[in-house]
Structures are given as structure tokens and as C-alpha cells.
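Novice: Pasting a predicted model and its sequence here:
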Amino acid sequence: MRAELATALAHSISPDWVVRIAAAHELAAIIEVPAARSKLAEMLGDAGDIAVQVEAAEALVRHGGAAGLVTVLTELGRRSDDPQCDYLAYRIAELQQSGDVRVLDLVSAVDRAELSAEAGIALRDLLVLIGG
């Protein structure tokens with residue numbers, strides 16, 4: 001596990017965005033490791049490419065359960081004035097609409113009282129987008 005984590009962490013800082021996308025998948029496979037989950041959260045703010053951010057968001061929601069969704073919502077709320085964040089929200093909505101991930105089930109597992117105000121607003125907006 002240590003070698004997998006080290007490899008994925010090295011890939012996550014590659015100058016090549018394709019390698020960073022692959023790192024999101026590698027980290028998702030070991031998401032139960034706190035450092036992997038933390039790196040995926042960090043990748044939500046990847047300055048180099050929106051595709052990396054989208055892959056990190058999908059990995060967190062697909063493999064990280066309600067906690068992963070909260071991580072994405074927090075980022076969406078924090079960057080609510082960033083139009084690129086729309087891509088993250090649309091991808092999460094697509095996961096629900098395609099049936100790949102039951103995002104609404106994850107939402108029901110979220111303790112809304114523990115959400116930051118920004119994450120709460122992002123959740124409300126995501127539910128509107130999903131139609132839930």
C-alpha cells in the first residue's frame with residue numbers, strides 16, 4: 001500500500017495533466033488511506049487543468065461516500081464565483097442522472113448541520129441541478 005500511495009502522490013504532481021488524471025484514479029483505489037483522500041481534495045484546486053479537478057471530484061464522490069461528497073461541496077461553495085466549478089457540479093449531477101453513483105443517497109447521509117454555510121449553498125444548488 002505504501003508503494004501505491006507513493007506512486008500516486010508522485011503522479012499527482014506531474015507537469016503532465018494526463019498523468020495527474022491517472023493519479024486521481026490511483027488515489028481513488030486507495031481512498032481509505034487518509035493521505036490519498038487528502039490529496040484528492042487538494043487536486044480539486046488543480047491550477048493546471050479543469051479536467052484534473054473534475055476527475056478528483058468524481059473520484060471523491062464515487063469512492064469516498066458522503067464524506068467525499070462533502071469535500072466536493074465544500075470546494076464548490078468556496079469557489080462559487082469561479083465559473084469553472086460548474087464543470088464539477090455538472091459531473092456530479094451526471095453521476096446521479098446516469099445511475100453510476102446514487103448521489104441523492106449520499107446526500108441523505110450528509111449531516112447538514114455539520115456543513116459549512118458555503119457547502120450548504122453548494123448542496124442546495126446541486127440538488128436543483130440534479131432535480132432532487
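Specialist: Noted; the coordinates are in hand. Please read these numbers as outputs of a predicted model, since none were measured by experiment.
Novice: what helix or strand does the spatially most central residue of the chain sit in?
Specialist: The chain has residue 57 as the residue nearest its centroid, 2.1 Å off, counting by Cα atoms, centre = their mean. Element membership for residue 57, per DSSP states H and E: helix 50-63.
Novice: Heading C-terminal from that helix, find the next helix or strand.
Specialist: Next element after helix 50-63 (DSSP H and E): helix 65-78.
Novice: and the helix or strand just after that following helix, C-alpha only, in CSV?
Specialist: Along the chain past helix 65-78, the next helix or strand (assigned with DSSP H and E) turns out to be helix 85-98. Extracted C-alpha coordinates of helix 85-98, given in CSV (Å, rounded to 0.1, in the frame of the first residue of the first chain):
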residue,chain,number,x,y,z
CYS,A,85,-16.6,24.9,-10.8
ASP,A,86,-19.7,24.5,-12.8
TYR,A,87,-17.9,21.6,-14.5
LEU,A,88,-17.5,19.9,-11.2
ALA,A,89,-21.2,20.3,-10.3
TYR,A,90,-22.3,19.1,-13.7
ARG,A,91,-20.2,16.0,-13.4
ILE,A,92,-21.6,15.1,-10.0
ALA,A,93,-25.1,15.6,-11.5
GLU,A,94,-24.3,13.4,-14.4
LEU,A,95,-23.2,10.6,-12.0
GLN,A,96,-26.7,10.7,-10.4
GLN,A,97,-28.6,11.0,-13.7
SER,A,98,-26.6,8.1,-15.3
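Novice: the inter-axis angle of helix 85-98 versus helix 50-63?
Specialist: Taking axes from the mean of the first three to the mean of the last three Cα atoms, to 10 degrees, one finds that helix 85-98 is oriented at 40 degrees with respect to helix 50-63.
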